[in-house]
Structures are given as C-alpha cells and as structure tokens.
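Peer 1: I'll drop the sequence and a predicted model, then ask my questions.
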Amino acid sequence: MTERKASLKRKTNETNISLSLNIDGEGTSDIQTDVPFMTHMLDLFTKHGHFDLTVEGRGDVDIDGHHTTEDIGIVLGQALLEALGDKKGIKRYGNAFVPMDEALAQVTVDLSNRPHLVMNADFPAARVGDFDVELVHEFLWKLAIEARMNLHVNVHYGFNTHHMIEAVFKALGRALDEATQIDPRVKGVPSTKGML
C-alpha cells in the first residue's frame, strides 16, 4: 500500500505552521503550539485517530489564539486531503460517539469532496482558561473546507465546557480513523459516480 503521508508548511504575516501527518500511524504526536488548549486537543485527536501527527504552530497570540488555531485547521485539512490521495478503497464514512464524564459528543464524517460543517454545541462557558471557545468552530470549519469533507458535530449534552470539547476532538479522531480505513471490498472509490 502507498504510504498515506503529507508534510506541509504555511507561513503568513500572522502565523508559521509546519505539520506532518501519517494517516496509518500509531497515535504518536509531537504537538508544539502557542495555544496550550489546542495543543491538548490535537494530542487527543491524534491518539484516538491512531494517526501520527507533528505540529509546530506559532502565531500572533499577543492578539489572541484565533489565527494560530484557524491556520492549524487549514494546514491539517490540506495534509489530510493530500495524504488520502485518490481515496481509492477508503471506507469514506465514519461515525463516533465519545463520552467524557457528563458530556457526550458525536462526530460524523464523509470524505466526499463536498465540504460542509454542521455543528450543534451549546457550550456553557465562553472560555476554557485562556482559550476562546468559539475557536473550536473556526478550527473545525477550516479543517472541513480544506480536507473537503462533510463534517457533522453534535454535542448531545454536558455542563463542563472542557469535557464537551474534549469529547468532540476524541470523536473526531475516531470518526476519521474509521473513514480513512482501507476496505478490501471497495474497488476504486466508494461512490456510484466513480469519483469523489
């Protein structure tokens, strides 16, 4: 099987991101960003997705964490798209429910080349430590657009915002792990159109 890996860089006046992704990894991460909560979430995503992920992400956090978080989503999405190649043999769809104490999140993905994000999450707090909670949506939106995937995120319940977001990132990893797996029964791409 061809290695499903990608290494990308993005440098702007606001951020400097370097990222390497191996879809068929072992859940090994080396995440270094100047947004600590995002670093934590990416570690969880990697572990539960069984990917290998290295990220060096720096940005203008003297303003806030928006640009760094957003640009990591962009580069991760681009890397996922590149690593998947022609998508031959993939399962395409993935779904995961993940509880985290009192919180329950569900993430469903379709690696369809039809980017879209639907997110239903009523986070009770606007911040977790120094992290602006609205950046979760920004990250996921950019990830979905750049990976060209249909992404549905539903936090069914919870009252601790940290737990709710953590459940989302774990479920995202698990759903993508399922969707990116090679199914030996699939000949070509999993679409009646003959392409994704």
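Peer 2: Cool, got the structure. Source: prediction; values computed, not measured. Numbers count the residues shown, from 1 in each chain.
Peer 1: what is the end-to-end distance of stretch 48-61?
Peer 2: For stretch 48-61, the first-to-last residue distance is 28 Å (C-alpha to C-alpha, to the nearest Å).
Peer 1: tell me how far Gly49 lies from Asp60.
Peer 2: Counting by C-beta to C-beta, to the nearest Å, the separation of Gly49 from Asp60 is 28 Å. C-beta here means a position set from N, CA and C on the backbone, and glycine is covered the same way.
Peer 1: okay, these two: which has more neighbours?
Peer 2: Comparing Gly49 with Asp60 by other C-beta atoms under 10 Å, the one with more neighbours is Gly49, at 27 against 15.
Peer 1: chain neighbours aside, what residue packs nearest to that one?
Peer 2: Distances taken as C-beta to C-beta, 6 or more residues apart in numbering place Gly173 nearest to Gly49, at 3.2 Å, with adjacent residues excluded.
Peer 1: tell me the secondary structure at the one you found.
Peer 2: Recorded secondary structure, Gly173: helix (DSSP: H, G, I helix; E, B strand; the rest coil).
Peer 1: quick one: it and Leu44 touch, right?
Peer 2: Yes: using C-beta atoms under 8 Å, Gly173 is in contact with Leu44, at 6.9 Å.
Peer 1: in terms of neighbours, single out the busier of those two.
Peer 2: Neighbours were counted for Gly173 and for Leu44 using other C-beta under 10 Å; Gly173 has more, 26 against 22.
Peer 1: quick one, what contacts the more buried one?
Peer 2: By C-beta atoms under 8 Å, 6 or more residues apart in numbering, the residues touching Gly173 are Leu44, Phe45, Thr46, Lys47, His48, Gly49, His50, Phe51, Ala96.
Peer 1: show me those residues that map onto strands.
Peer 2: Judged by DSSP state E, strands contain the following of the contacts of Gly173: Ala96.
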